[in-house]
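J.: next input, structure requested:
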Amino acid sequence: MSIKINNSGISNISSDTDRIYTIYKGDKLIKFNYAPVVNYIFRDTDENGNLTLATGNLEDGSEITKISDYGMYYGFANSNDLIGGVSLPNLKLVGNGGMSYAFYYASGLTGDLYCPNLTRIDSYGFSQAFYGTNIKSVDLSNLISIGTYALQDAFSYNNSLESINLSSLSSVESQGLRYACRSCPNLKTINLRSHTRGIDATMFSGDTSIENIDLSSLNYLGASALAAAFQNCVNLQTLSFPSLNSNSFGSYTNQFNGMLIGVTGCTVHFPSNLQSVIGSWNSVTSGFSGTNTIVLFDLPETE
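T.: Reported below is the predicted structural model:
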């Protein structure tokens with residue numbers, strides 16, 4: 001049996017707790033069951049039923065609209081034979097663990113991840129999905145909400161990744177962005193312009209090339225929200241927080257502790273009215289533990 005994204009016409013993938021996988025191909029319902037010890041889908045088997053790694057090009061998944069709970073769990077993990085990128089242009093929902101480890105260390109993936117209509121990823125849905133691959137860009141531009149640990153290590157340890165578009169992401173459950181893109185030394189830009197609350201502090205660890213992070217809608221920071229957030233992001237030249245206001249910090253004063261450790265010459269911009277609110281904080285007066293940090297309260301006043 002061979003199940004491949006590029007020619008199967010699959011529109012919905014799901015599995016139950018007994019690892020009986022349910023696949024809809026158009027209106028036709030197909031069920032099949034691998035041996036209980038094999039927790040994989042989207043692998044090939046030869047004529048004798050022996051499990052083999054999937055091969056080929058995964059750039060046409062246009063009929064897939066939903067990946068249900070664990071539907072693609074470990075699907076192409078550790079495959080060195082996959083090539084190109086992953087295009088799922090009509091995918092709208094990924095369920096719990098739906099793509100967890102799906103392309104884990106599939107090092108032949110050197111193209112782009114293209115999911116422009118995906119709006120929701122449930123808990124662990126993308127956890128380590130593209131960990132250790134070589135994809136160059138990520139388009140999740142219409143992703144609105146993610147569950148707990150949904151993007152945990154999703155794109156980490158990638159030496160080729162240059163950009164991530166999460167421009168519509170506005171609802172993030174606990175630890176949803178944990179380690180999402182750490183140790184990506186060529187990552188230069190990430191768009192989080194709709195995100196309103198603090199990011200996971202470890203998200204950008206080891207991203208030494210990052211130059212631009214759009215946090216223009218960020219309006220609330222809980223305890224330690226940005227503590228060490230940009231540690232060792234040595235190419236980061238500017239940060240801007242135009243939506244922070246006098247009510248953004250609650251009773252905490254540790255939101256920025258160590259935010260720029262290992263960073264030199266970064267300019268940080270805040271609304272003008274926040275100088276009287278945070279201007280005397282130790283983290284601010286110390287330049288967020290960076291070197292030669294410039295702190296400016298030069299943005300338009302907020303409430």
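
J.: can we go C-alpha only for contacts and neighbour counts from here?
T.: Fine.

J.: distance check, Gly108 against Ser127.
T.: Gly108 is 19 Å from Ser127, where distance means C-alpha to C-alpha, to the nearest Å.

J.: what's around Thr291, how many residues?
T.: 15 (other C-alpha atoms under 10 Å).

J.: and it, how far from Asp122?
T.: Taken as C-alpha to C-alpha, the span from Thr291 to Asp122 is 39 Å.

J.: likewise Ser209?
T.: 30 Å.

J.: out of the two, which sits in the more crowded spot?
T.: Legend: neighbour count by other C-alpha under 10 Å for Ser209 and Asp122, higher for Asp122 (23 against 18).

J.: so which of Gly108 and Ser127 has more stuff around it?
T.: Between Gly108 and Ser127, counted using other C-alpha under 10 Å, the more crowded position is Ser127 (30 against 20).

J.: show me what contacts Leu118?
T.: By C-alpha atoms under 8 Å, 6 or more residues apart in numbering, Leu118 lies in contact with 90-94, 140, 142-143.

J.: could you do Gln175 as well?
T.: Here Gln175 is in contact with 148-150, 152, 200 (C-alpha under 8 Å, 6+ apart).

J.: torsion angles phi and psi at it?
T.: The phi and psi values for Gln175, taken as degrees, to the nearest 10, are phi 60, psi 20.

J.: same question for Val284.
T.: phi -80, psi -50.

J.: quick one: pLDDT of it?
T.: According to the prediction, Val284 has pLDDT 97.

J.: burial count for it?
T.: So Val284, with other C-alpha under 10 Å, has 22 neighbours.

J.: ok, Ser145 next?
T.: 19.

J.: so Ala154 touches Gly176, yeah?
T.: No: if you go by C-alpha atoms under 8 Å, Ala154 and Gly176 don't touch, sitting 10.3 Å apart.

J.: now Val295, what's its secondary structure?
T.: strand (DSSP: H, G, I helix; E, B strand; the rest coil).

J.: which residues does it contact?
T.: So Val295 contacts 267-270, 284, 287 (C-alpha under 8 Å, 6+ apart).

J.: so, low pLDDT: which residues of this structure?
T.: Applying pLDDT under 70 to the chain flags the ranges 1-61.

J.: can I get the contacts of Val295 in JSON lines with secondary structure and distance to Ser160?
T.: Output for the contacts of Val295, formatted as JSON lines (DSSP: H, G, I helix; E, B strand; the rest coil; distance: C-alpha to C-alpha, whole Å):
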{"residue": "Thr267", "secondary structure": "strand", "distance to Ser160": "27"}
{"residue": "Val268", "secondary structure": "strand", "distance to Ser160": "28"}
{"residue": "His269", "secondary structure": "strand", "distance to Ser160": "30"}
{"residue": "Phe270", "secondary structure": "strand", "distance to Ser160": "32"}
{"residue": "Val284", "secondary structure": "helix", "distance to Ser160": "34"}
{"residue": "Gly287", "secondary structure": "helix", "distance to Ser160": "31"}
